[in-house]
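Visitor: This is a predicted model, with the sequence first.
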Amino acid sequence: MILRLFLFFILFLVHCSLFDSNAQNSPRDPFVPDDIVLNPEANFPATVQNIQTVIDQENKRLIIEYELLDSEDDDIEIGIILVSSEGNELPISENFLSGDIGFPLKQGMKKKAIWSFENDPVYSSIQNKPIHLKIIADDKYSDQLTDLVDLVSAERISKDILEIQGVRHHNSNPERLESTRTYIKASFSAYGVPYFEQKFSNTRGTGINIIGSKPGMLSERFYIIDGHYDTVSSTPGADDNATGTVGMLEAMRVLSQFNFDYGIEFIGFDMEELGLLGSRNYAQSITHPENVNGVFNFEMIGFTCKGEPNCRDFPNADSSIYNIYSSFSDSLSNAFVRNGNNYVPGLKITPVKDNGDPNFRRSDHAPFWDKGIDALFLTDGANFRTPHYHRSTDLYETLDIEFMTKIVQTTVATIADLANVTHTSATISNSLIIE
């Protein structure tokens, strides 16, 4: 445990700008549980590490050594693909491979495969050209959506909201805003998610979107899950929008541990309260909107009604999540409902189609709609439900953490389903040339 905390602290120093230690309410290091895997039944992909190659030109062989790791000690299938300098992939037939190749293999530190390339037709196309080896490991596991749902932690969600809540405003509390940025970046670093800051300027100052990315294994196309982290000037913003930010972070913690055919971006948007400035800036920077498969926007996902007068007459206001979808596509909405019914049946979901009501455009999904990108507006109803909207009473104590946890679980299941979670992993070797 001490070693883990030390390593995390080093990551924290390298990747994050340290906030003023004298600032009031500045957050502590992000909550890193003793065991990242909260459900001991969860099954994680096998991985290949430390690929080493030796060219035996005399015998026309390529000797490939590698390490194969799998926490569950499953039976693994190993395949090898050649990758040209142009990125073309050329599978090597098992007819020319021997040793630790194919199925089934067990994990081990000293695996060896031999490619006898002299008579392999693929050899002539790569001879005297730089290539890489891609070693693919597949444990054949197929029932992982339930695992992912079970990994979502109400305990971590509660911890994060308590850390983040507090006025996060560019003028009234810039210190708290900056410490929240630090918290988001440290959380990405703790789970090995590369991130970058997208800065943008306007008459209100400089905003910073924080964007973490998990590339897909087979495609450049990707899904987005986001939440804005700023508040108005007078509220601690537990529901608006610590819940959205924390929902994004918890989805990141779970999804980052698995592999997907499509990529996933995790975004903390800035300056939402000043007119969706962060998401507008991000959307304007998208050069290929066709690569964005869909967006899940968390906007206030933590409040349920318990008889409050202001929401008694609001449809499904008690404990339903509103799944607001665009006028041009209901695909994400249908997937969200389907996965909710299949994996989180206790969550009430109310799908609502955009009918031009300005209230349906009051969050960071709207700039994506303007680009023709399918995006969901996931919300508890904001001022139509909660009496604490933009008030000093928007505190952790008013939230329904069980409700919020179910929303994150449903989103995790939906993204994993659509991005095609897989137990296949791929590792690339250094470049080599076979004469």
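Guide: Looks like it came in fine.

Visitor: spatially speaking, which residue is in the middle of the protein?
Guide: For the chain, the residue nearest the mean C-alpha position is residue 252 (3.7 Å; Cα atoms, centre = their mean).

Visitor: show me the contacts for it.
Guide: Shown in contact with residue 252 (Cβ atoms under 8 Å, 6 or more residues apart in numbering): 187-188, 191, 193, 212, 225, 266. For the C-beta atoms, the positions are set from N, CA and C on the backbone; glycine is no exception.

Visitor: Could I get the average pLDDT for the helix or strand hosting it?
Guide: Residue 252 belongs to helix 243-255 when assigned by DSSP states H and E. Averaging pLDDT along helix 243-255 gives 97.

Visitor: if we can go back for a sec, just the contacts of residue 252 now: which is nearest residue 107?
Guide: Lowest distance from residue 107 to the contacts of residue 252 (Cβ to Cβ) belongs to residue 191, with 22.7 Å.

Visitor: Ramachandran coordinates for the closest one?
Guide: When quoted as degrees, to the nearest 10, the phi and psi of residue 191 stand at phi -110, psi 20.

Visitor: other SSEs contacting the longest helix along the chain?
Guide: Longest helix of the chain, by residue count under DSSP state H: helix 401-419. Judged by 3 or more Cβ pairs under 8 Å, 6 or more residues apart in numbering; DSSP states H and E, helix 401-419 is in contact with helix 145-151, helix 154-164, strand 222-228, helix 243-255, strand 263-269, strand 292-299, strand 320-325, helix 331-343.

Visitor: Distance to residue 401 for those - can I get that in JSON lines?
Guide: JSON lines is the format used below for these (distance: least, Cβ to Cβ, whole Å):
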{"stretch": "helix 145-151", "distance to residue 401": "16"}
{"stretch": "helix 154-164", "distance to residue 401": "5"}
{"stretch": "strand 222-228", "distance to residue 401": "16"}
{"stretch": "helix 243-255", "distance to residue 401": "9"}
{"stretch": "strand 263-269", "distance to residue 401": "20"}
{"stretch": "strand 292-299", "distance to residue 401": "14"}
{"stretch": "strand 320-325", "distance to residue 401": "14"}
{"stretch": "helix 331-343", "distance to residue 401": "18"}
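
Visitor: Among those, which comes closest to residue 427?
Guide: strand 263-269 (17.6 Å).

Visitor: and the closest one with strand 222-228, angle?
Guide: Put simply, strand 263-269 runs at 20 degrees to strand 222-228, going by axes from the mean of the first three to the mean of the last three Cα atoms, to 10 degrees.

Visitor: Centre of the chain to strand 263-269, how far?
Guide: 6 Å (Cα atoms, centre = their mean, to the nearest Å).

Visitor: same check, this time on stretch 412-419
Guide: Worked out by Cα atoms, centre = their mean, stretch 412-419 lies 10 Å from the chain centre.

Visitor: which residue sits farthest out from the middle of the protein?
Guide: Distance-from-mean max, the chain, by Cα atoms, centre = their mean: residue 58 at 47.6 Å.

Visitor: Before we move on, what's the pLDDT of that one?
Guide: Value listed for residue 58 in the pLDDT field: 94.

Visitor: Same check on residue 315?
Guide: Residue 315 is given a pLDDT of 84.

Visitor: just the one 5 residues further on next, same as before
Guide: At residue 320, the pLDDT value in this model is 94.

Visitor: Next, the contact list for it, please.
Guide: 348-350.

Visitor: Report the separation between it and residue 212.
Guide: 29 Å (Cβ to Cβ, to the nearest Å).

Visitor: And residue 297, by the same measure?
Guide: Distance from residue 297 to residue 212, by Cβ to Cβ: 16 Å.

Visitor: thinking again about what came up before, just the angle between the helix holding residue 252 and helix 154-164, please?
Guide: Using the same axes, to 10 degrees: helix 243-255 against helix 154-164 is 130 degrees.

Visitor: What is the following helix or strand past helix 243-255 packed up against?
Guide: Next along the chain after helix 243-255, taking DSSP H and E as the criterion, comes strand 259-260. Strand 259-260 sits against strand 421-422, with contacts defined as 3+ Cβ pairs under 8 Å, 6+ apart.

Visitor: Could I get the CA-only coordinates of the helix or strand that comes right after the strand it packs on as CSV?
Guide: Remark: after strand 421-422, the chain's next helix or strand is strand 424-428, criterion DSSP H and E. The C-alpha trace of strand 424-428 is given here as CSV (Å, rounded to 0.1, in the frame of the first residue of the first chain):
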residue,chain,number,x,y,z
THR,A,424,-8.5,-9.0,-27.0
SER,A,425,-5.4,-7.0,-26.4
ALA,A,426,-2.6,-6.1,-28.9
THR,A,427,1.0,-5.2,-28.3
ILE,A,428,3.4,-3.7,-30.9
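
Visitor: what's the helix or strand just after strand 424-428 in contact with?
Guide: Scanning forward in sequence from strand 424-428 by DSSP H and E, the next helix or strand is strand 432-433. By Cβ under 8 Å, 6+ apart, the residues outside strand 432-433 that reach it are 53, 55, 128-133.

Visitor: from these, which single one is nearest residue 302?
Guide: The closest of those, once distances to residue 302 are taken by Cβ to Cβ, is residue 132, at 46.1 Å.

Visitor: Good, wrapping up.
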